[in-house]
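>>> Give the three-dimensional model of this entry:
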Amino acid sequence: MASRLTNQATDAAPDLFPGTGRHRTMLFPRRRTTPRTARNFVAATLTEWGETARLDDMRLCTSELVTNAVLHGAPVGRLILVRVESLDEQLRIEVHDSGESPPKQRVPEESAVDGRGLLIVAATAESWGVKERKGPGKCVWAAFDRVKNGAASLPPHTTGPQGGTS
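Residues are numbered from 1 along each chain as shown. So this is what the prediction gives:
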């Protein structure tokens with residue numbers, strides 16, 4: 001069965017004006033190997049953009065969010081969309097799936113072998129959250145402040161001619 005989740009993630013992302021940021025998306029099948037391939041996609045994208053100050057943290061959060069989508073979010077036969085955004089003040093990783101249940105941060109028993117993914121994301125990223133999609137499912141995201149990453153903010157974007165008035 002084909003997924004209704006498409007490569008268009010604009011309904012779950014903040015509106016971008018031309019030049020204020022950049023993004024890249026990729027669709028992944030719901031497989032056990034998807035967290036690894038999504039991590040590699042995010043790392044390659046951020047490296048290409050020169051955004052490597054906290055690359056390991058962003059890879060870790062990608063892995064946790066995509067693992068949750070594979071295990072709990074995307075129904076069998078559906079796809080998972082991963083979006084990487086470089087905005088003025090932050091870098092953002094989004095994971096979209098067509099599952100309806102929101103993720104739940106929990107405190108697992110000390111001896112539990114799972115259940116720590118969102119705790120790791122909360123401890124690693126500056127912020128994270130869940131956003132509904134216009135279509136099926138949800139978007140779970142993690143954001144990393146550019147200043148904390150050691151990166152300068154993107155230069156301001158102008159939409160019209162510059163010049164003073166006298």
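
>>> List the buried residues for the lowest-mean-pLDDT helix or strand in the chain?
Between all helices and strands in the chain, the lowest mean by mean pLDDT, DSSP states H and E belongs to helix 117-124, at a mean of 88. Within helix 117-124, the residues scored as buried using 16 or more other C-beta atoms under 10 Å are 117, 118, 121, 124. Backbone N, C-alpha and C define where each C-beta goes, glycine included.

>>> ok, and the closest non-adjacent residue to the last one?
Pointing back at residue 124 there. The spatially closest residue to residue 124, leaving aside those adjacent along the chain, is residue 57, at 4.9 Å (C-beta to C-beta, 6 or more residues apart in numbering).

>>> so the helix or strand hosting the one you found versus helix 117-124, what angle?
Per DSSP states H and E: residue 57 is located in helix 55-68. What separates the directions of helix 55-68 and helix 117-124 is an angle of 160 degrees, with axes from the mean of the first three to the mean of the last three C-alpha atoms, to 10 degrees.

>>> coming back round to it: sheet-wise, list the partners of the next helix or strand after the least confident helix or strand of the chain with their directions.
Reading on from helix 117-124 to the C-terminus, the next helix or strand found by DSSP H and E is strand 127-132. Strands flanking strand 127-132 in the sheet, each with its direction: strand 138-145 (antiparallel) (DSSP bridges).

>>> Not counting its own residues, what contacts the partner strand?
Here strand 138-145 makes contact (C-beta atoms under 8 Å, 6 or more residues apart in numbering) with 9, 12-13, 54, 57-58, 61-62, 65, 68-69, 73, 89-97, 99-100, 102-103, 121, 124-133.

>>> Residue 88 falls within a strand, correct?
No. Secondary structure of residue 88, determined by DSSP: H, G, I helix; E, B strand; the rest coil: coil, with no strand assignment.

>>> that older thread, what about the residue nearest to residue 124, distance to residue 66?
Remark: distance between residue 57 and residue 66 (C-beta to C-beta, to the nearest Å) = 15 Å.

>>> Neighbour count for the two, which is higher?
It is residue 66, of residue 57 and residue 66, that has more neighbours when counted by other C-beta atoms under 10 Å, with 29 against 20.
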